[in-house]
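Chemist: Make a model of this:
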Amino acid sequence: MRVAITLNTSWNIYNFRLSLVQQLLKRGHEVIAIAPKDEYTQKLINIGCEFEDVTMDSRGASPYKDLGLTLELHSIYKRVKPDLVLHYTIKPNIYGTMAAAKLGIPSINNISGLGTIFLNDNWISKIAMSLYRFSFKFPKKVFFQNQEDYQLFQDKRLIEKNICEVIPGSGIDLDHFDKFSYKEKTEGESFNFLMISRLIIDKGVREYIEAAELLQERGMNAKFYLLGGLDEEHSRGIQKEELDSWVEAGIIEYLGKTDDVRPYINDADCVVLPSYREGTPRTLLEASACGRPIVATNVPGCNNIVDHQINGLLCKVKDAYDLSLKMKDMFYIGHDKRLEMAERGREIVERKFDHKIIIDTYIKTIEDYQHLSPQYKFAYVKS
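Modeler: Numbering: from 1, shown residues only. Below is the predicted model of the structure:
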């Protein structure tokens, strides 16, 4: 089969969907990566993908640009003739699905997180829900990464139940993210907190900074690290001037961005994510796989990975004070309890979040469709 995979960046395909792409290629399928061109495009070509560049503004909400994206994807799909398209992220899920449906090409979509629009009740969120309701009449299958997102779509009547399935995120490669030893702190050695995230407000970056300030004021012997790229063009992105002010004030140490988070997780004693809402956050899977306890918000996505007092601690959303209390608890809880949390975190990802579970689900769904006789495929696409 010719399988297209459409996302908002080539980086996203390479970093989050590589294992699936490799398995599809291994099984003899042709894979067409469709995304804006970036520094990861050539890596996708090198592993055997065809590549199609597409203009996509993942941050904006311009109806003219979105119409242009639909027409551009329609043109690409018509030219490359995929048998099936895998859509991820908001705009491919909506506009890619409409473009594919116009050509009678089936789609498999993935709701990897609901984004900022679902955190607000305004006209933009109402338009987004209307677009989801219309475009999601067409996919063959829609995967959700947590039960809460699935239930929200059901409550809002955005999708029919019979095409839905909840899967455990994008999974984690447990061979690549192997468990590190968790060393006890020596006397006088600082405790290291690490937040890994794109620097946007909805990830809870400001709450992390405020919590760090509170803990420093109380004399905690701890360091607070921040790892992740700036996204100043995002409507809720942290600006460089604000980041620089935090660094200059000595609140955090900024580590920039990286292609390999493992050395930074290895140096951390606790990984923190005070996000407002997630699908299934990759950084928490990576932290748990590497054997690190977590402090995260008690919100959909985060609380699917963190079991309070078992492999981490959960705090209130948008509450820097409560976050500081949970970070303080993690600091004082003692090495033996943190080690136990680290061990349990690894056990949880091995049991529930191994990427092989997700890959097998996708392969089965794709190849079940491949084995349908032509008349049943035609009947499905027209339904």
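
Chemist: in this structure, what spans have low per-residue confidence?
Modeler: Counting by pLDDT under 70, the chain has low-confidence residues at 58-64, 115-120, 371-383.

Chemist: Do you have the strands of it handy? List them.
Modeler: 2-6, 30-35, 50-53, 84-88, 107-111, 141-144, 164-166, 191-196, 222-227, 253-254, 270-273, 294-297, 312-315 (DSSP state E).

Chemist: Could you check how far the shortest one is from the centre of its chain?
Modeler: To tie it back to what came earlier, the one meant is strand 253-254. Its chain's C-alpha centre and that of strand 253-254 lie 23 Å apart, by CA atoms, centre = their mean, to the nearest Å.

Chemist: Let me have the strands of the chain in JSON lines, adding distance to Phe16 and mean neighbour count as columns.
Modeler: C-beta: built from backbone N, CA, C; applies to glycine. Shown next, in JSON lines, are the strands of the chain (distance: least, CB to CB, whole Å; neighbours: other CB atoms under 10 Å):
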{"stretch": "strand 2-6", "distance to Phe16": "11", "mean neighbour count": "24"}
{"stretch": "strand 30-35", "distance to Phe16": "12", "mean neighbour count": "23"}
{"stretch": "strand 50-53", "distance to Phe16": "17", "mean neighbour count": "16"}
{"stretch": "strand 84-88", "distance to Phe16": "8", "mean neighbour count": "26"}
{"stretch": "strand 107-111", "distance to Phe16": "10", "mean neighbour count": "26"}
{"stretch": "strand 141-144", "distance to Phe16": "13", "mean neighbour count": "23"}
{"stretch": "strand 164-166", "distance to Phe16": "18", "mean neighbour count": "14"}
{"stretch": "strand 191-196", "distance to Phe16": "14", "mean neighbour count": "23"}
{"stretch": "strand 222-227", "distance to Phe16": "17", "mean neighbour count": "21"}
{"stretch": "strand 253-254", "distance to Phe16": "24", "mean neighbour count": "15"}
{"stretch": "strand 270-273", "distance to Phe16": "16", "mean neighbour count": "28"}
{"stretch": "strand 294-297", "distance to Phe16": "19", "mean neighbour count": "28"}
{"stretch": "strand 312-315", "distance to Phe16": "22", "mean neighbour count": "26"}
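
Chemist: which stretch among the ones you listed comes nearest His335?
Modeler: Shortest separation from His335 across those is recorded for strand 191-196, at 10.4 Å, computed as CB to CB.

Chemist: Parallel or antiparallel, which strands does the closest one pair with?
Modeler: Taking DSSP bridges as the criterion, strand 191-196 forms sheet pairs with strand 222-227 (parallel), strand 270-273 (parallel).

Chemist: closest to Ser245 out of the strands of the chain?
Modeler: Shortest distance between Ser245 and the strands of the chain, using CB to CB, is found for strand 253-254: 11.2 Å.

Chemist: so which of the strands paired with strand 191-196 gets nearest Tyr264?
Modeler: Between Tyr264 and the strands paired with strand 191-196, the shortest separation by CB to CB is 5.4 Å, and it involves strand 222-227.

Chemist: Tell me which residues touch Ser170, please.
Modeler: By CB atoms under 8 Å, 6 or more residues apart in numbering, the contact set of Ser170 is 16-17, 112, 145, 280, 282, 355, 358.

Chemist: re the thing from before, tabulate the strands of the chain in JSON lines, adding columns for distance to Gln42.
Modeler: Shown next, in JSON lines, are these (distance: least, CB to CB, whole Å):
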{"stretch": "strand 2-6", "distance to Gln42": "16"}
{"stretch": "strand 30-35", "distance to Gln42": "11"}
{"stretch": "strand 50-53", "distance to Gln42": "9"}
{"stretch": "strand 84-88", "distance to Gln42": "20"}
{"stretch": "strand 107-111", "distance to Gln42": "25"}
{"stretch": "strand 141-144", "distance to Gln42": "28"}
{"stretch": "strand 164-166", "distance to Gln42": "33"}
{"stretch": "strand 191-196", "distance to Gln42": "25"}
{"stretch": "strand 222-227", "distance to Gln42": "25"}
{"stretch": "strand 253-254", "distance to Gln42": "28"}
{"stretch": "strand 270-273", "distance to Gln42": "31"}
{"stretch": "strand 294-297", "distance to Gln42": "35"}
{"stretch": "strand 312-315", "distance to Gln42": "38"}
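
Chemist: Out of the ones you listed, the one nearest Asn303 is which?
Modeler: Closest approach to Asn303 among the strands of the chain (CB to CB): strand 312-315, 6.0 Å.

Chemist: distance of Glu148 from Ile201?
Modeler: 21 Å (CB to CB, to the nearest Å).

Chemist: Look at the two and report which has more neighbours.
Modeler: Taking neighbours as other CB atoms under 10 Å, Glu148 and Ile201 compare with Glu148 leading, 19 against 15.

Chemist: Which residue, other than its chain neighbours, is closest to that one?
Modeler: Once flanking residues are discounted, Glu148 sits nearest to Pro300: 3.5 Å by CB to CB, 6 or more residues apart in numbering.

Chemist: Among the strands paired with strand 191-196, which comes closest to Leu84?
Modeler: Using CB to CB, the strands paired with strand 191-196 put strand 270-273 closest to Leu84, at 33.4 Å.
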